[in-house]
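Chemist: pasted the sequence and its predicted model underneath.
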Amino acid sequence: GEDVEQSLFLSVREGDSSVINCTYTDSSSTYLYWYKQEPGAGLQLLTYIFSNMDMKQDQRLTVLLNKKDKHLSLRIADTQTGDSAIYFCADTNDYKLSFGAGTTVTVRA
Amino acid sequence: EAQVTQNPRYLITVTGKKLTVTCSQNMNHEYMSWYRQDPGLGLRQIYYSMNVEVTDKGDVPEGYKVSRKEKRNFPLILESPSPNQTSLYFCASSPIARQETQYFGPGTRLLVL
């Protein structure tokens, strides 16, 4: 599959904003996703963005897509302890999902 | 309730003993897929299926087999498991026309001794 890269760890104080970054290589990706995995649980689709969009906002979540630089980011406003999890960036082409290694977000009080 | 189920959720086995992990979805989805998750590697696709009797290799198919005889079921078969197949396995499904809505199962944690 195509490469999707993201930083492995992020520590953030409760109440601050978190920004998780991701880069991908497949310029023909139709959708780009953010999944959340809480400890011991499966993957939960958080949000997704269609490749012809620059931004998508959904409550505390903001997704920014820079198609020229193949850069995707997820901003979580007012980060809470329940946001502690692993966040996966993924892109898709012809139904095949390619995942990054995951960013472990730790929220400290 | 719309869901993807996997069984078993946890399995410890020995090298060479054939095993099957079942996956079933109740949403009438055409597309189904298997992934394995390993630390630092994210999820990698093993096999996928676009519909009944149509299966294709993903990125890491070696050592695995699948079948799609019915729309709702997509079992993952390890004919001769080896320790490097110790991993966390996820099944997923989606409608063909809504690829952005892939639903994931709860995962199967496999340990091969």
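Modeler: The structure has been received and is ready for your questions. Computed from a prediction, not measured in an experiment: that's the story for all the values here. Numbers count the residues shown, from 1 in each chain, chains lettered A, B, ... in the order given.
Chemist: show me which residues of chain A are close to chain B?
Modeler: When proximity is defined as Cβ under 8 Å from any Cβ of the partner chain, chain A approaches chain B at A:1, A:4, A:8, A:30-31, A:33, A:35, A:41-45, A:48, A:50, A:88, A:90, A:92, A:95-102. Where C-beta positions appear, they are placed from N, C-alpha and C, glycine not excepted.
Chemist: 7 Å - rerun?
Modeler: A:1, A:31, A:42-43, A:48, A:88, A:92, A:95-97, A:99-102 (Cβ under 7 Å from any Cβ of the partner chain).
Chemist: lowest-confidence member of those, which is it?
Modeler: Among those, residue A:1 carries the weakest pLDDT, at 41.
Chemist: need the longest strand for chain B.
Modeler: strand B:42-51 (DSSP state E).
Chemist: where does the prediction get shaky in the chain?
Modeler: No chain was given, so I picked chain A. For chain A, applying pLDDT under 70 flags the ranges A:1-2, A:94-95.
Chemist: I was thinking of chain B, sorry if that wasn't clear
Modeler: B:97-100.
Chemist: would you map the strands across it?
Modeler: B:4-7, B:10-13, B:19-25, B:31-38, B:42-51, B:54-57, B:65-66, B:76-78, B:87-94, B:103-104, B:108-112.
Chemist: including neighbour count and secondary structure, could the residues of chain A next to chain B go into TSV?
Modeler: Listed next are the residues of chain A next to chain B as TSV, based on neighbours: other Cβ atoms under 10 Å in any protein chain shown; DSSP: H, G, I helix; E, B strand; the rest coil:
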residue	neighbour count	secondary structure
A:1	18	coil
A:31	18	strand
A:42	19	coil
A:43	27	strand
A:48	20	strand
A:88	25	strand
A:92	23	strand
A:95	18	coil
A:96	19	strand
A:97	26	strand
A:99	22	strand
A:100	27	coil
A:101	19	coil
A:102	25	coil
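Chemist: which residues touch the residue of chain A found nearest chain B?
Modeler: As assessed by Cβ to the nearest Cβ, chain B sits closest to residue A:99 within chain A, at 3.9 Å. By Cβ atoms under 7 Å, 6 or more residues apart in numbering or on different chains, residue A:99 lies in contact with A:4, A:88, A:90, B:42, B:43.
Chemist: nearest to residue B:25 among the residues you listed?
Modeler: Checking the contacts of residue A:99 against residue B:25 by Cβ to Cβ gives residue B:43 as the nearest, at 17.7 Å.
Chemist: thinking again about what came up before, hmm, the longest strand of chain B touching chain A?
Modeler: Yes - judged by Cβ under 7 Å from any Cβ, strand B:42-51 comes into contact with chain A at B:42, B:43, B:45, B:48.
Chemist: before we move on, back to that, let's have the strands of chain B in JSON lines, adding mean neighbour count.
Modeler: Shown next, in JSON lines, are the strands of chain B (neighbours: other Cβ atoms under 10 Å in any protein chain shown):
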{"stretch": "strand B:4-7", "mean neighbour count": "18"}
{"stretch": "strand B:10-13", "mean neighbour count": "13"}
{"stretch": "strand B:19-25", "mean neighbour count": "19"}
{"stretch": "strand B:31-38", "mean neighbour count": "23"}
{"stretch": "strand B:42-51", "mean neighbour count": "21"}
{"stretch": "strand B:54-57", "mean neighbour count": "14"}
{"stretch": "strand B:65-66", "mean neighbour count": "18"}
{"stretch": "strand B:76-78", "mean neighbour count": "19"}
{"stretch": "strand B:87-94", "mean neighbour count": "23"}
{"stretch": "strand B:103-104", "mean neighbour count": "21"}
{"stretch": "strand B:108-112", "mean neighbour count": "18"}
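Chemist: nothing else from me, thank you.
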